[in-house]
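[1] Let's see this in three dimensions:
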Amino acid sequence: MKIKLTDLEFEIAGVVSKDDVRKEAMKQLREMTDSIIGILDKRSNSYNKKSKLEPQQKGYRAAIIDLKILYSEMLKE
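    Numbering: from 1, shown residues only. Predicted structure coming up:
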């Protein structure tokens, strides 16, 4: 599975400060990150019927953890 994140666009109407732009961008990024984590988590959980972890399931779990770490690092900035 590939997820392309290079074509992000943020729509912001009206005259706003840089801080407002940053807040809106972070809000949209948080929504997108939550959506991606939800998709990966759903795919990961579909393998829970099997008794041992499949390699693909391990990959989804690792991707979820990486996304959560990346997101928390971005919030620190």
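[2] does residue 62 sit in a helix or strand, and which one?
    helix 55-76 (DSSP states H and E).
[3] any idea of the mean pLDDT in whichever helix or strand residue 21 is part of?
    Assigned by DSSP H and E, residue 21 falls within helix 18-45. Mean per-residue pLDDT for helix 18-45: 76.
[4] elements contacting that helix?
    helix 55-76 (3 or more Cβ pairs under 8 Å, 6 or more residues apart in numbering; DSSP states H and E). The C-beta positions use only the backbone N, C-alpha and C, and glycine is treated the same way.
[5] average model confidence for the helix it packs on?
    Helix 55-76 comes out at a mean pLDDT of 71.
[6] Distance of residue 17 relative to residue 39?
    Computed with Cβ to Cβ, to the nearest Å, the distance linking residue 17 and residue 39 is 33 Å.
[7] no wait, residue 31
    In terms of Cβ to Cβ, residue 31 sits 13 Å off from residue 39.
[8] Just want to know which of the two has more residues nearby.
    residue 39 (15 against 10; other Cβ atoms under 10 Å).
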